[in-house]
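**Q** structure for the following, please:
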Amino acid sequence: MSERLRPFHPLLAGAAVGAAWADLLLGLNPHLLTPVRGLTLLAVCAVACAAVASPWGLLGRGDPGRGRAGALFFGLAATLFALFAEAQRLIYLAFVNGDARRVLGATAVVAGLWAAAAFASAFRPRTRRAAAAPVPALFLGLFLFVPVLGGRSRPAAALATPPSLPAAATRSLLVVGLEGVSWELVTAGASEGALPTFAELLKRGAAGPLESLGAFDRSALWTTAATGKRPLKHGVVSSEEQRTIAGTLLLRPFVPGSAFRIGLPFVPLRHVVLESRSLAFWEILGRRGHETAVLGWPAARAGIDERLETFRVEPAGLDRLLVRSLSPDGLSPELATQTTLAGAALDLSVVGAALGTVPQGPSNVLVLVLSGAEKAARPFGAAGDPHYWGIPVPDAEARARALKAYYRFLDDLLRDLVEREGRDRTICVFAPVSFGPPPPLDAVAAFLRAEPPETGPEAGADGFLLLHGAGIREGVRLTSAHMLDLVPTLLVLSGEPIARDIDGRVLAEAFDERFSGRTSIPIVTTFEPDGPQ
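**A** Numbering: from 1, shown residues only. Just a heads-up that it's a prediction; the model follows:
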């Protein structure tokens, strides 16, 4: 390239960086991989980054990567971006399809080539460095070509339905989901005798960790648990969106080691409620003749929680003994009202509504989610926890006692449910993700801001699963359960077939000999009215 064009190197390099970022966003949002939307996003990002880089050219500095220091800087930056793009591909494996994965992989490869070219230029003799400098126009062209790789998928072959096999005997289910609960604290409390109901379920049933999704999003997580399908199938991939002229961005790149996501600057985030394309397990069972009642399930279809208003409990209406136990000495009344008492009121509302609408038929399913622990787990979970590297927590002893008191409250609620509605039912208690220490960068940022540490699900710690009752072996330790396995296991326990387009497997190792020995699991193509997914 001639010397007259060297002042344009910064503009081309900036445009290439913008195109690379657009490729990353397109890979995470495959619904934008259309000619109009894709080109619009590429153009906006390329022009914006070129404008940011324009001062180098306007001030006559020429190619910023011409010297050894500049080339090394570009090489290091391109290497980090290549690793960043590959990290996004791995984080969002369950969220994006093959087209999107190819775009993310190609973005990482092109960025790696740019890094190699920059490093090669840096270590060449000074007399040859200018001529051998990486040509930004070449990499701009490559990044503009990357989205073309996103339209090469072939239609999947049709799924054939094997011959139907005899179904198992039907049984009733009690399914209890827990939010804000830690597997580590549950097992510790059960071994210490503080949580007798959990201890009994652990002893008399099958239990173990439940592998969660790699990237945490509340709507995606609970919809996956309800459908047994990955987010790329059911379509609920995010709770937030950014609306741009190129379309809506649903997924944004994660900063590794943090829960922070990067999108487009100056574009506001909006809350979004996406409709699942897949049926939840209770919808499948309802269509096949089971009586079902569902309460408190996050991100479920509208209308299932209308009964909660009738049984609504306010913190001011809680029993005095319960208030006293959830407000230990040293915890301010205002903080208790916002945390443990608010959570207890929420969970009591769900349990009251559930007990007031329990299906009474011979084959029924009662499903409820208790989310109140989340209100106490975030501010109190770090108290006394050695994972927090000695970061001080205000009123640590009082907060630790309050959190333990809430776990005992949950244990009592679970005991009442099992005693009143668990008879002649198979019981499933699960948490799709455990609350634990935040990602390292978030913990450091909180420390620098002098904020007390909080727990959360953002680090993606494994949840847990407890199975107990008819058809379940005693004392079984589950070692390889995934949250995708919840739905097919519940379907089989209900006496229904499993579908080939459900991603999970049946946890047959949890079934007792009488159940597993006499049962053949029927398999169908799909339960979806529009065909297999």
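
**Q** drop to CA atoms for contacts and neighbour counts, all remaining ones
**A** Will do.

**Q** Glu451 sits in which helix or strand?
**A** If you go by DSSP states H and E, Glu451 is not part of any helix or strand.

**Q** next, count neighbours for it.
**A** Counted with other Cα atoms under 10 Å, residues neighbouring Glu451 total 14.

**Q** ok, it - contacts?
**A** By Cα atoms under 8 Å, 6 or more residues apart in numbering, the contact set of Glu451 is empty.

**Q** quick check: the gap between it and Gly14.
**A** 37 Å (Cα to Cα, to the nearest Å).

**Q** same check, this time on Asp217
**A** Distance of Asp217 to Gly14, given as Cα to Cα: 32 Å.

**Q** can you give me the end-to-end span of stretch 320-336?
**A** 13 Å.

**Q** now do the buried residues in that stretch.
**A** Residues of stretch 320-336 classed as buried under the neighbour-count rule (16 or more other Cα atoms under 10 Å) are Val323, Ser325, Leu326, Ser327, Pro328, Leu331, Ala336.

**Q** same question, stretch 413-426
**A** Leu413, Leu414, Arg415, Leu417, Val418, Glu421, Gly422, Arg425, Thr426.

**Q** inside strands: which ones of the residues you listed?
**A** Members of the buried residues of stretch 413-426 lying in strands (criterion: DSSP state E): Arg425, Thr426.

**Q** hmm, which of the buried residues of stretch 413-426 is lowest in pLDDT?
**A** Looking at the buried residues of stretch 413-426 by pLDDT, the weakest one is Gly422, with 70.

**Q** so what's it up against?
**A** Leu174.

**Q** picking up where we left off before, mind putting the buried residues of stretch 320-336 into TSV with pLDDT?
**A** Formatted as TSV, the buried residues of stretch 320-336 follow (pLDDT from 0 to 100):
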residue	pLDDT
Val323	91
Ser325	92
Leu326	93
Ser327	92
Pro328	91
Leu331	89
Ala336	92
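
**Q** that older thread, more neighbours: Asp217 and Gly14, which one.
**A** Gly14 (24 against 17).

**Q** check which helix or strand that one maps to.
**A** Here Gly14 sits within helix 9-28, counting by DSSP H and E.

**Q** flag every buried residue along the host helix or strand of Glu283.
**A** Here Glu283 sits within helix 281-287, counting by DSSP H and E. By neighbour count on 16+ other Cα under 10 Å, the buried set for helix 281-287 is Phe281, Trp282, Glu283, Ile284, Leu285.

**Q** how about the closest residue to Leu348 other than its chain neighbours, what does it touch?
**A** Closest residue in space to Leu348, ignoring its immediate chain neighbours: Val313 at 6.7 Å, by Cα to Cα, 6 or more residues apart in numbering. The neighbours of Val313, taking Cα under 8 Å, 6+ apart as the test, are Ala345, Leu346, Leu348, Ser349.

**Q** now the host helix or strand of the last one: average pLDDT?
**A** With elements delineated by DSSP H and E, Ser349 resides in helix 340-356, which encompasses its position. Per-residue confidence for helix 340-356 averages out to 89 on the pLDDT scale.

**Q** can you tell me which residues contact the residue lying closest to Glu291 once chain neighbours are set aside?
**A** Counting by Cα to Cα, 6+ apart, Asn364 is the residue found nearest to Glu291 once chain neighbours are left out, at 4.5 Å. Listed by Cα under 8 Å, 6+ apart, the contact set of Asn364 reads Arg171, Ser172, Leu173, His290, Glu291, Thr292.

**Q** mind redoing it with 6 Å?
**A** When contacts are counted by Cα atoms under 6 Å, 6 or more residues apart in numbering, Asn364 touches Ser172, His290, Glu291, Thr292.

**Q** which stretches of the stretch 301-450 of the chain have low pLDDT?
**A** Residue ranges of the stretch 301-450 of the chain with pLDDT under 70: 301-307, 309, 360-362, 384-391.

**Q** and the helices in it?
**A** All helices of the stretch 301-450 of the chain, identified by DSSP state H, counting those that start in this stretch, fall at 320-326, 333-338, 340-356, 373-380, 396-421, 440-448.

**Q** taking helix 396-421 as reference, get the angle to the third one.
**A** Put simply, helix 340-356 runs at 0 degrees to helix 396-421, going by axes from the mean of the first three to the mean of the last three Cα atoms, to 10 degrees.

**Q** can you give me the angle helix 340-356 makes with helix 373-380?
**A** Using the same axes, to 10 degrees: helix 340-356 against helix 373-380 is 160 degrees.

**Q** what is helix 340-356 packed up against?
**A** Counting contacts by 3 or more Cα pairs under 6 Å, 6 or more residues apart in numbering; DSSP states H and E, helix 340-356 packs against helix 373-380.

**Q** ok, residues contacting the helix it packs on?
**A** Glu179, Gly180, Thr339, Thr340, Gly343, Arg399, Glu454, Thr455, Gly456.

**Q** want to throw these into TSV with neighbour count and distance to Ser494?
**A** Shown next, in TSV, are these (neighbours: other Cα atoms under 10 Å; distance: Cα to Cα, whole Å):
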residue	neighbour count	distance to Ser494
Glu179	23	24
Gly180	24	28
Thr339	25	37
Thr340	28	35
Gly343	24	31
Arg399	27	41
Glu454	21	39
Thr455	24	36
Gly456	24	33
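
**Q** tell me which two of those residues sit farthest apart.
**A** The span of the contacts of helix 373-380, defined through Cα to Cα, is set by Glu179 and Arg399 at 18.6 Å.

**Q** domain map for this protein?
**A** Here the domain parsing of the chain from automatic domain parsing is 3-151, 172-237+274-307+361-524.

**Q** so which residues of this structure form strands?
**A** Under DSSP E, the chain gives strands at 172-178, 206-211, 240-244, 247-249, 269-271, 291-295, 364-370, 425-436, 456-469, 476-477, 481-482, 498-499, 523-524.

**Q** list the buried residues in the third one.
**A** If I follow you right, that is strand 240-244. Neighbour counts over strand 240-244 (16+ other Cα under 10 Å) mark Glu240, Glu241, Gln242 as buried.

**Q** skipping adjacent residues, who's closest to Pro532 in space?
**A** Thr526 (5.1 Å).

**Q** and for the one you found, the neighbour number?
**A** 18.

**Q** how about it, phi and psi?
**A** phi -160, psi 160 (degrees, to the nearest 10).

**Q** list the contacts of it.
**A** Ala499, Asp501, Pro532 are the contacts of Thr526 under Cα under 6 Å, 6+ apart.

**Q** could you rerun that using 10 Å?
**A** Leu159, Thr161, Pro497, Ile498, Ala499, Arg500, Asp501, Ile502, Pro532, Gln533 (Cα atoms under 10 Å, 6 or more residues apart in numbering).

**Q** max pairwise distance over those: which two?
**A** Largest pairwise distance in the contacts of Thr526, by Cα to Cα, is 16.7 Å, between Pro497 and Gln533.

**Q** and those two? Which one has more around it.
**A** Pro497 (24 against 18).

**Q** touching, that one and Ile523? I think so.
**A** Yes - under the criterion of Cα atoms under 10 Å, Pro497 makes contact with Ile523 at 5.3 Å.

**Q** distance of Leu76 from Pro10?
**A** Taken as Cα to Cα, the span from Leu76 to Pro10 is 17 Å.

**Q** before we move on, what about Ala190?
**A** Taken as Cα to Cα, the span from Ala190 to Pro10 is 62 Å.

**Q** before we move on, what about Gly372?
**A** In terms of Cα to Cα, Gly372 sits 53 Å off from Pro10.

**Q** ok, now Asp99?
**A** 31 Å.

**Q** may I have the helix holding Glu283 exported as PDB, CA atoms only?
**A** This file holds the C-alpha atoms of helix 281-287, laid out as PDB (Å, rounded to 0.1, in the frame of the first residue of the first chain):
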ATOM      1  CA  PHE A 281     -43.800 -30.700  31.400                       C
ATOM      2  CA  TRP A 282     -47.100 -29.800  33.200                       C
ATOM      3  CA  GLU A 283     -48.600 -28.700  29.900                       C
ATOM      4  CA  ILE A 284     -47.600 -32.000  28.400                       C
ATOM      5  CA  LEU A 285     -49.200 -33.900  31.400                       C
ATOM      6  CA  GLY A 286     -52.300 -31.700  31.300                       C
ATOM      7  CA  ARG A 287     -52.800 -32.500  27.600                       C
END
